[in-house]
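# mind looking at a prediction? Sequence and model below.
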Amino acid sequence: MNDATSGDILLTVSIATWNNRERAEECLRSVAESLRGIHAEIVVVDNASTDGTAAMIHEQFPQVAVLRNERPLGFSANHNQVLRGARGRHVLLLNDDTVIVGDALKQALDFLESHPDAGAVGCTLLRPDGTPEAIAQCVPRPMDPLFPRLRRKVSAKDEAARGAEAAEVERWSGACLMIRRAALDPVGLLDERFDPAYGEDTDLCHRIRRAGWRIYRLPGARVIHYRGQTARREFHDQAYRLQRARILWYRKHRSRADLVLYRAAAVVAIVWGLLSCAVQLPFRRGDTRARINNLRERLRALFL
């Protein structure tokens, strides 16, 4: 990575971290290696960490800028701090629990530079064992709770069939999403109403597409994602927050009729799940009780 103190900066990398020092260090090393020879700036938002993350970055990565929060903020608020001052022609939203594989970021940059219709491009997210994460490629539909396959999640079969060819999608995960500044500036920043997390990436991709741009994913640009590590440490009510994000999505982008239909489908799916749990409870108490609590949280969030 070249020094980004002058000239035209090609990429601004935005990373938010909270008490995740070891993963953040691994992430930054992989980013620096992937951006070798590329004029870029890296900005880390230290979300009120107490584990010495900021000191580690200053010592190990003096070229990286650090913004320190006095109190923890949400995903959107953290990244928006970076986006407001970003100098790059493109910006990258990146989780601190990711590791860039090879030249994945260069591939994404080259794709944006050579495809003027692309508003954003996402790298393929891999589990630590190397298999693709099941990332939804479509925005929510009202019948998703009853027919989850409608959201077309990436599978190992999909990746094998497509090879290295780029695929157009409706949305991609904010864990690793590169966005053209020319597409971002007119539609605005991440919507902080979705904070602390979940749904903001879907919302942003939808706004970018609505403005006439396309969203792609690159099967050949790979990023290892230690999925959910930060969320499990920060959020003890993930099911509630995920459901809440979906309700916010429908209120913002869909009609009242779609919201009513979605709620009805979700209630049916949750009730069916609770009935299944009742049958399984005598035989698998621990797992079943956790699933019951999950379903209850989803039900609670349906009627905000």
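Looks like it came in fine.

# grab the most central residue of this structure for me.
Central residue of the chain (CA atoms, centre = their mean): Gly174, 2.3 Å from the mean position.

# quick one: low-confidence residue ranges for this protein.
By pLDDT under 70, the weakly predicted segments of the chain are 1-7, 155-164, 228-236, 285-286.

# all the helices of the protein, in order from the start?
Assigned by DSSP state H, the chain shows helices spanning 21-34, 53-60, 75-85, 104-114, 156-162, 181-187, 200-210, 229-234, 238-253, 256-280, 285-301.

# which one of those lies nearest to Arg68?
helix 53-60 (5.8 Å; CB to CB). Bear in mind the C-beta positions are built from the backbone N, C-alpha and C, glycine included.

# and that closest one, what does it pack against?
On a contact count with 3 or more CB pairs under 8 Å, 6 or more residues apart in numbering; DSSP states H and E, helix 53-60 meets helix 21-34, strand 40-46, strand 65-68.

# relative to the shortest one, what are the paired strands and their orientations?
Applying DSSP bridges to the sheet, strand 65-68 is found paired with strand 40-46 (parallel).

# report the angle between the strand it pairs with and helix 104-114.
120 degrees (axes from the mean of the first three to the mean of the last three CA atoms, to 10 degrees).

# gap between strand 40-46 and the chain center?
When C-alpha coordinates are averaged (CA atoms, centre = their mean, to the nearest Å), strand 40-46 and its chain have centres 17 Å apart.

# assess the claim that Ser49 and Trp18 are in contact.
Yes: Ser49 lies in contact with Trp18 (CB atoms under 8 Å); the separation is 5.6 Å.

# the residue nearest to the centre of the chain and Glu200 touch, don't they?
Yes: using CB under 8 Å, Gly174 is in contact with Glu200, at 6.5 Å.

# which residues do the two both contact?
Phe75 (CB atoms under 8 Å, 6 or more residues apart in numbering).

# partners of the lengthiest strand in the chain in the sheet?
Secondary structure of the chain per DSSP state E: the longest strand is strand 214-225. Partners of strand 214-225 in the sheet, by DSSP bridges, are strand 98-100 (antiparallel), strand 118-126 (parallel), strand 167-169 (antiparallel).

# in space, what's closest to Arg214 - neighbours in sequence excluded?
Asp117 (5.1 Å; CB to CB, 6 or more residues apart in numbering).

# what sits against the residue nearest to Ala239 when sequence neighbours are not counted?
Of all residues not flanking Ala239 in the chain, Glu297 sits nearest, at 4.0 Å (CB to CB, 6+ apart). Taking CB under 8 Å, 6+ apart as the contact definition, Glu297 lies against Asp237, Ala239, Tyr240, Gln243.

# report how many residues lie close to the second one.
If I follow you right, that is Ala239. Look at Ala239: counted by other CB atoms under 10 Å, it has 18 neighbours.

# do I have it right that it meets Arg298?
Yes: contact criterion CB under 8 Å: Ala239 and Arg298 qualify, at 5.2 Å.

# identify the contacts common to these two.
Common contacts of Ala239 and Arg298 (CB under 8 Å, 6+ apart): none found.

# how many residues are close by Arg89?
Neighbours of Arg89 using other CB under 10 Å come to 18.

# distance of the closest residue to Tyr250 other than its chain neighbours from Arg251?
Sequence neighbours aside, Leu259 is the residue nearest to Tyr250 in space, at 4.2 Å (criterion: CB to CB, 6+ apart). Counting by CB to CB, to the nearest Å, the gap from Leu259 to Arg251 is 7 Å.

# what of Thr98?
With CB to CB as the criterion, Thr98 and Arg251 are 30 Å apart.
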